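Asker: Task: produce atomic coordinates for the following.
(one chain, ligands or ions: 1)
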Amino acid sequence: SQNNAELIARRRAVMPAGVGQTYNVFVDRAVNAEVWDVEGKRYVDFSGGIAVLNTGHQHPKVIAAVKAQLDKVHHTCFQVLAYEPYVELCERLVALAPGNFAKKAFLLTTGAEAVENAIKIARSATKRQAVIAFGGGFHGRTLLTMGLTGKVAPYKAGFGPFPAEIYHAKYPNAMHGVSVADAIASIEAIFKYDVEAERVAAIILEPVQGEGGFYVAPPEFVKAVRALCDQHGIVMIADEVQAGAGRTGTWLACEQWPVAPDLITMAKSIGGGFPISAVIGKAEIMDKPGPGGLGGTYAGSPIACAAALAVLEVFEEEKLLDRSKAIGELLTTGFQAMAQRHKSIADVRGMGAMVAIELCKNGDPHQPDAELTKRVCNEAIERGLVLLSCGVYANVIRVLVPLTASDALLQEGLKLLEESLVAASQ
Ligand code: PMP
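Answerer: A predicted model of the protein is given here:
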């Protein structure tokens with residue numbers, strides 16, 4: 001078998017540069033929140049496959065459910081021959097979504113697909129075309145979701161033209177000078193400068209911007225967006241692809257909102273590592289597209305449905321929502337203590353276990369330190385810790401560790417992170 005360097009060379013020779021590679025590591029095996037590479041080196045995994053592994057690597061219940069499903073039927077295409085796990089999962093997802101109204105749900109494969117479908121439904125229901133998304137938001141890499149994404153490099157540069165009728169408002173970000181009032185004013189400005197509110201089908205926002213830097217939407221902002229949507233007949237969409245599935249201490253982050261969205265997109269951790277996504281929402285809106293308008297060959301694969309049902313069981317049995325809150329407290333406390341010792345940590349923030357630190361020069365929010373952030377991540381991987389950065393200024397280190405990780409492992413990760421920060425600061 002080959003070592004990391006040899007495998008990276010093969011990868012480079014055959015694969016395009018556009019598929020990024022954060023670390024020169026090839027994985028051999030993984031358990032819960034630990035990973036071993038092809039050279040036998042162990043890593044603490046704070047990345048969770050980018051928010052996919054809230055139930056950890058190789059959760060025995062998830063793996064057993066998938067194996068059992070594999071032995072029965074693994075593909076029919078749901079629209080041709082249906083199977084119960086798909087329906088059961090929709091029943092569960094509907095029951096878990098907030099909002100005092102009848103709801104429906106259906107399944108897809110990726111987060112981008114869920115977002116695309118939410119927009120299709122909003123357009124079909126309102127007979128309108130325009131969509132408002134937010135600066136710093138991330139919604140996927142397909143043409144429509146790339147258009148919705150509010151960050152040019154690296155996601156959009158060179159890939160246009162983008163679909164028409166997409167407008168970007170400001171996402172509130174107190175640390176970087178965007179107040180809730182500024183953000184709402186930026187939506188009103190779109191109504192004034194770009195498109196009349198009566199032609200807007202949807203406003204889509206992440207409850208916590210994931211790729212954008214773990215900035216949390218303040219409750220008063222969410223309330224104001226809801227009021228604008230109600231006033232103008234606009235569909236409000238919560239993109240919970242990264243924040244959902246228990247990461248923020250509740251099953252959905254929007255459960256902590258003072259108002260309910262009309263449509264919700266989920267993906268990533270609902271499948272425990274198997275590709276599945278969902279759109280959940282108000283029945284009267286969801287029922288608008290006609291038969292054949294929604295779906296996909298692999299959408300809601302039996303394998304992924306079995307995995308997702310097992311994930312829901314694990315959440316109940318292991319009380320992972322409580323664990324998410326506890327992990328959030330542990331990480332926040334640890335990071336706040338670290339911030340006392342290191343001026344470069346300009347902010348510690350999050351919601352539940354969706355926690356991040358923001359690194360700046362001299363602790364000054366106006367001097368984001370993307371270089372230091374990159375060095376910390378590189379020092380960390382050397383020390384056996386997998387970190388992910390994010391943020392519009394590329395200066396945020398986010399934690400997406402499995403919620404099944406032990407306190408001891410979390411403490412080990414925090415210690416490695418601080419050692420990496422010290423080394424990177426020299
Ligand atoms: N929406 C959000 C909020 C995301 O974080 C992501 C992925 N990072 C996506 C959509 C796209 O999901 P996928 O990569 O599965 O298409």
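
Asker: Roughly how far does the nearest residue to Thr126 once chain neighbours are set aside sit from Arg123?
Answerer: Nearest residue to Thr126 in three dimensions, chain neighbours excluded: Ala201, at 4.5 Å (Cβ to Cβ, 6 or more residues apart in numbering). Glycine gets a C-beta too; all of them are placed from N, C-alpha and C. If you measure Ala201 against Arg123 using Cβ to Cβ, to the nearest Å, the figure is 5 Å.

Asker: Between these two, point out the one with more neighbours.
Answerer: Between Ala201 and Arg123, Ala201 has the larger neighbour count (other Cβ atoms under 10 Å), namely 24 against 19.

Asker: what's the spacing between the residue of the stretch 101-250 of the chain found nearest the ligand and Ala181?
Answerer: When Cβ to the nearest ligand atom is the measure, the stretch 101-250 of the chain has its nearest residue to the ligand at Gly111, with 2.2 Å between them. Gly111 sits at a distance of 31 Å from Ala181 (criterion: Cβ to Cβ).

Asker: Can you pick out the residue with more neighbours from the two?
Answerer: Neighbour totals were compared for Gly111 and Ala181, and Gly111 leads with 30 against 12 (other Cβ under 10 Å).

Asker: ok, that one - contacts?
Answerer: Contacts of Gly111 were listed using Cβ atoms under 8 Å, 6 or more residues apart in numbering, and they are His139, Gly140, Asp239, Val241, Gln242, Thr265, Ala267, Lys268, Ser277.

Asker: next one: Lys343
Answerer: Neighbours of Lys343 in contact, by Cβ under 8 Å, 6+ apart: Asn362, Gly363.

Asker: now it: how far from Glu316?
Answerer: Taking Cβ to Cβ as the measure, Lys343 and Glu316 are separated by 43 Å.

Asker: next one: Thr333
Answerer: The spacing between Thr333 and Glu316, counted by Cβ to Cβ, is 27 Å.

Asker: Neighbour count: those two, which is higher?
Answerer: The residue with more neighbours, out of Thr333 and Glu316 and counting by other Cβ under 10 Å, is Thr333; that gives 12 against 9.

Asker: for the strand or helix carrying that one, packing partners?
Answerer: Using DSSP states H and E, the secondary-structure element containing Thr333 is helix 320-341. Secondary-structure packing of helix 320-341 (3 or more Cβ pairs under 8 Å, 6 or more residues apart in numbering; DSSP states H and E): strand 345-351, strand 354-359, helix 407-425.

Asker: Deepest in the core, which of those is it.
Answerer: Ranked by mean neighbour count, the helices and strands packed on helix 320-341 are led by strand 354-359 with a mean of 27 (mean count of other Cβ atoms under 10 Å).

Asker: Is the ligand within reach of that one?
Answerer: No. Among the residues of strand 354-359, none lie within reach of the ligand under Cβ under 6 Å from any ligand atom; the closest is 11.1 Å away.

Asker: what comes up buried for the helix or strand following that strand?
Answerer: Past strand 354-359, heading to the C-terminal end, the next element that is a helix or strand (DSSP H and E) is helix 370-383. By neighbour count, and taking 16 or more other Cβ atoms under 10 Å as the criterion, the buried residues in helix 370-383 are Leu372, Thr373, Lys374, Arg375, Val376, Cys377, Asn378, Glu379, Ala380, Ile381.

Asker: does the first one really touch Glu358, like I thought?
Answerer: Read it as Leu372. No. Using Cβ atoms under 8 Å, Leu372 makes no contact with Glu358, being 10.9 Å away.

Asker: Which residues are in contact with each of those two?
Answerer: Counting by Cβ under 8 Å, 6+ apart, the contacts common to Leu372 and Glu358 are Asn395.

Asker: any idea which element Val259 lies in?
Answerer: If you go by DSSP H and E, Val259 is not part of any helix or strand.

Asker: which residues in this structure form helices?
Answerer: Taking DSSP state H as the test, the helices found in the chain are 4-14, 48-51, 60-70, 84-96, 111-126, 143-148, 180-193, 219-232, 283-286, 302-317, 320-341, 370-383, 407-425.

Asker: Dump those to TSV, plus mean pLDDT.
Answerer: Supplementary listing: these in TSV, determined by pLDDT from 0 to 100:
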stretch	mean pLDDT
helix 4-14	97
helix 48-51	98
helix 60-70	98
helix 84-96	98
helix 111-126	98
helix 143-148	98
helix 180-193	98
helix 219-232	98
helix 283-286	98
helix 302-317	98
helix 320-341	98
helix 370-383	98
helix 407-425	98
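
Asker: Need the winner for burial among the ones you listed.
Answerer: Of all these, helix 111-126 carries the top mean neighbour count, a mean of 24, counting by mean count of other Cβ under 10 Å.

Asker: before we move on, the earlier item: could you check the angle the helix holding Thr333 makes with strand 345-351?
Answerer: Orientation check (axes from the mean of the first three to the mean of the last three Cα atoms, to 10 degrees): helix 320-341 against strand 345-351 gives 170 degrees.

Asker: chain center to helix 320-341, what's the gap?
Answerer: 19 Å (Cα atoms, centre = their mean, to the nearest Å).

Asker: How is this structure partitioned into domains?
Answerer: By the assignment in automatic domain parsing, the chain contains the domains 4-58+319-425, 63-317.

Asker: how far out from the middle of the chain is the last one?
Answerer: Averaged C-alpha coordinates place domain 63-317 at 10 Å from its chain's average position (Cα atoms, centre = their mean).

Asker: can you check the first one too?
Answerer: Between the centre of domain 4-58+319-425 and the centre of its chain there are 15 Å (Cα atoms, centre = their mean).

Asker: Pull up the distance across that domain, start to finish.
Answerer: 27 Å (Cα to Cα, to the nearest Å).

Asker: Would you mind confirming that Pro218 is in contact with Pro172?
Answerer: Yes. A contact is recorded between Pro218 and Pro172 when judged using Cβ under 8 Å, the distance being 5.8 Å.

Asker: In space, not sequence, find me the middle residue of this structure.
Answerer: The residue lying closest to the centre of the chain (Cα atoms, centre = their mean) is Gln242, at 1.4 Å.

Asker: Now it: phi and psi?
Answerer: Comment: the main-chain dihedrals of Gln242 come out as phi -100, psi -40, following degrees, to the nearest 10.

Asker: need the contact list for whatever residue of the stretch 301-426 of the chain ends up closest to the ligand.
Answerer: Using Cβ to the nearest ligand atom, the point where the stretch 301-426 of the chain gets nearest to the ligand is Cys390, with a distance of 9.3 Å. By Cβ under 8 Å, 6+ apart, Cys390 lies in contact with Gly210, Glu211, Gly212, Gly213, Phe214, Ala356, Val396, Arg398.
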